[in-house]
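Undergrad: Quick one, what's the 3D model for this:
(one chain, ligands or ions: 1)
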Amino acid sequence: MKAKVIGGGFAGCEACYQLLKRGVDVTLVEMKPQKFSPAHHLDTLCEVVCSNSFKSEDLSTSSGLLKAEMRLLDSMILRIAEQSRVPAGNALAVNRSNFSEQVTAVLNDYPNFNRITAVETSLGTENYDFVIVATGPLTDEALIPAFRKLFGQNFLYFFDAVAPIVTAESIDFDSAFVASRYDKGDADYVNCPMDKNEYLDFYNNLVNAETVELKDFENNVFEGCMPIEVMAKRGLDTMRFGPLKPIGLKDARKNEKPYAVLQLRKENVEGTRYNLVGFQTNLKYGEQKRVFSMIPALRNAEFVRYGVMHRNTYINAPKLLNCCFQVKSNPKLFFAGQLTGVEGYMESTVSGLVAALQAFRLFSGLSPVQFGGDTVTGALCKHISTDFGEYVPMNSSFGILDPLCEHIKDKTKRKLAYTSRAIESMKKTVINI
Ligand SMILES: Cc1cc2nc3c(=O)[nH]c(=O)nc-3n(C[C@H](O)[C@H](O)[C@H](O)COP(=O)(O)OP(=O)(O)OC[C@H]3O[C@@H](n4cnc5c(N)ncnc54)[C@H](O)[C@@H]3O)c2cc1C
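TA: Okay, here's the model as predicted:
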């Protein structure tokens, strides 16, 4: 069996390993060191472009759970990260050059591995059984025309401007009401009202909160999409004429009109997650939690993901891919990594692992592996292939897992219940791989 992988980052290298160890002849096309993206600098493969932390290993966190699942799935990237770790408390942090060199060496050791240094411009599958595209959030522009030709203009995004997402169960419904503006259509929105004092307090904290600094190459991409903190700085009432407009929204339980109202919109069919409408933001994560939790209905909010605004090339995967990361219109083509709308080093890695595993199985005449929605791996497969409204990239989180059968009030116990259920589920799945 012959496969081509385009892009030697997290997803691409994990995909190569999963195929090589199964005896597939793999050609990897990586543009470094001929050409570097604005964030890549090393000649070696699988470069850690920013923070050297792969997040927590603690099993009461979703990142810890994802790592436990990846260990069961024999992830090479995770194993090498563990071998090149530097002390970082509960987090798995790596020595970045050592990590990248080790990944490169493992792949180079396989006699069935062939690395080509070139900027790929084509998505052609001639001469290969299948091709996996894993060129990442900074995919070189030379490949973009091929994406457009395959998918059309409307299915490709070049930056993320995502509002935070919270779990439905953490919304304080004593301080919220369900209604649509002027009672038009279905009452699809959860409305989070504020009185004047609450609004002023929120406003003052928002305009003084700390923001993330954009990289030089990101400065021009966000025209036409204003972060909420920038809008707030335009004037005390600007948000009340925009995303916090109270007009047409009345809490049937109360007499007075709200001074400002944040609307929350469903993020998934099940209604277990909601996004903060119009709250795309560049605030630091800790600041988002602090400031947005000042809105009374969000006082206990659990954030499934925080808002971001950064350069990020990704495709509208639910329209284009199935849950095996396979292109619906061309079964010989697979996509993996951040390009598919998973977000983060480990999430990109596991997507490369799944894409390679499923491609290998499908082209060996085997049935694809069914990952449960009770695992982070399965939930990410579901995320990239379930069409519901606007598609936003997603990292690992307990909020994307299938809900537990019983409601466990204690947060830590609830998280551990998610974890033990997921590990059991993944153990059963790997028996069949
Ligand atoms: C600036 C920045 C900072 C980030 N910081 C973090 C962070 O701190 N923590 C976190 O978890 N995630 C972070 N991410 C998100 C994400 O986890 C990483 O980008 C991750 O590396 C994605 O893995 P990937 O395999 O999809 O892509 P990459 O690891 O970027 O790999 C893609 C590879 O494809 C190559 N390539 C691109 N185009 C072509 C082409 N046409 N032909 C041949 N080769 C090509 C590139 O050179 C690269 O080696 C960050 C992303 C960016 C852009």
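Undergrad: any residue of the helix or strand containing residue 290 up close to the ligand?
TA: Take DSSP states H and E as the rule and residue 290 turns out to sit in helix 285-292. No. Between helix 285-292 and the ligand, judged by C-beta under 6 Å from any ligand atom, nothing touches; the nearest distance is 11.4 Å. Any C-beta I mention is one placed from the backbone N, CA and C, and that applies to glycine too.
Undergrad: same check, this time on stretch 323-334
TA: No. Stretch 323-334 stays clear of the ligand (C-beta under 6 Å from any ligand atom), getting no nearer than 11.8 Å.
Undergrad: Export only the CA atoms of the helix holding residue 290, formatted as CSV.
TA: Only the C-alpha atoms of helix 285-292 are listed here, as CSV (Å, rounded to 0.1, in the frame of the first residue of the first chain):
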residue,chain,number,x,y,z
TYR,A,285,-8.4,33.3,28.8
GLY,A,286,-8.3,34.0,32.5
GLU,A,287,-9.6,37.5,31.8
GLN,A,288,-12.5,36.0,29.8
LYS,A,289,-13.5,33.8,32.7
ARG,A,290,-13.2,36.7,35.2
VAL,A,291,-15.0,39.4,33.2
PHE,A,292,-17.7,37.3,31.4
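Undergrad: any idea how far that helix is from the chain center?
TA: Relative to the centre of its chain, helix 285-292 is centred 19 Å away, using C-alpha atoms, centre = their mean, to the nearest Å.
Undergrad: Beyond that helix, next helix or strand please.
TA: Proceeding N to C from helix 285-292, the next assigned helix or strand is strand 303-305, under DSSP H and E.
Undergrad: packing partners for the helix or strand following that next one?
TA: Counting by DSSP H and E, the element after strand 303-305 in chain order, helix or strand, is strand 308-315. Contacts defined by 3 or more C-beta pairs under 8 Å, 6 or more residues apart in numbering; DSSP states H and E place strand 308-315 against helix 144-151, strand 156-162.
Undergrad: lowest-confidence stretch among those?
TA: For these, mean pLDDT drops lowest on strand 156-162, to a mean of 85.
Undergrad: That one pairs with which strands?
TA: Using DSSP bridges, the strands paired with strand 156-162 are strand 308-315 (antiparallel).
Undergrad: so what's the residue of the chain found nearest the ligand up against?
TA: For the chain, the residue closest to the ligand is residue 9, as judged by C-beta to the nearest ligand atom, at 1.8 Å. Residues near residue 9 by C-beta atoms under 8 Å, 6 or more residues apart in numbering: 45-47, 134-136, 337, 348.
Undergrad: Where helices are concerned, which of these count?
TA: Counting by DSSP state H, those place residue 348 in helices.
Undergrad: buried sites along whichever strand or helix holds residue 204?
TA: Using DSSP H and E, the element containing residue 204 is helix 196-207. Residues 198-199, 202-203, 206 are the ones in helix 196-207 that count as buried (16 or more other C-beta atoms under 10 Å).
Undergrad: Export the residues you listed as CSV, with columns for distance to residue 325 and pLDDT.
TA: Converted to CSV, the buried residues of helix 196-207 look like this (distance: C-beta to C-beta, whole Å; pLDDT from 0 to 100):
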residue, distance to residue 325, pLDDT
198, 45, 97
199, 44, 98
202, 41, 98
203, 43, 98
206, 38, 98
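Undergrad: Return the most buried member of the helices and strands packed on strand 308-315.
TA: Of the helices and strands packed on strand 308-315, the one with the most neighbours on average (mean count of other C-beta atoms under 10 Å) is strand 156-162, at a mean of 18.
Undergrad: With distance to the ligand added, can I get the helices and strands packed on strand 308-315 in JSON lines?
TA: Shown next, in JSON lines, are these (distance: least, C-beta to the nearest ligand atom, whole Å):
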{"stretch": "helix 144-151", "distance to the ligand": "9"}
{"stretch": "strand 156-162", "distance to the ligand": "10"}
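Undergrad: Pull the residues that contact the helix holding residue 204.
TA: Taking C-beta under 8 Å, 6+ apart as the rule, helix 196-207 contacts 194, 228-229, 232-233, 236, 239-240, 244, 259-260, 283, 290-291, 294-296.
Undergrad: let's see 6 Å
TA: Residues outside helix 196-207 that contact it (C-beta atoms under 6 Å, 6 or more residues apart in numbering): 229, 232-233, 259-260, 291, 294.
Undergrad: so who does residue 364 touch?
TA: Contact partners of residue 364, counting by C-beta under 6 Å, 6+ apart, are absent.
Undergrad: Quick check: the gap between it and residue 2.
TA: If you measure residue 364 against residue 2 using C-beta to C-beta, to the nearest Å, the figure is 13 Å.
Undergrad: Ok, residue 32 next?
TA: Counting by C-beta to C-beta - residue 32 and residue 2 are separated by 23 Å.
Undergrad: Look at the two and report which has more neighbours.
TA: Shown here are residue 32 and residue 2; by other C-beta atoms under 10 Å, residue 32 has more neighbours (19 against 16).
Undergrad: which SS class is the more buried one?
TA: Following DSSP: H, G, I helix; E, B strand; the rest coil, residue 32 is assigned to coil.
Undergrad: Skipping its backbone neighbours, what lies nearest residue 301 in space?
TA: residue 166 (4.4 Å; C-beta to C-beta, 6 or more residues apart in numbering).
Undergrad: do residue 171 as well
TA: residue 297 (5.7 Å).
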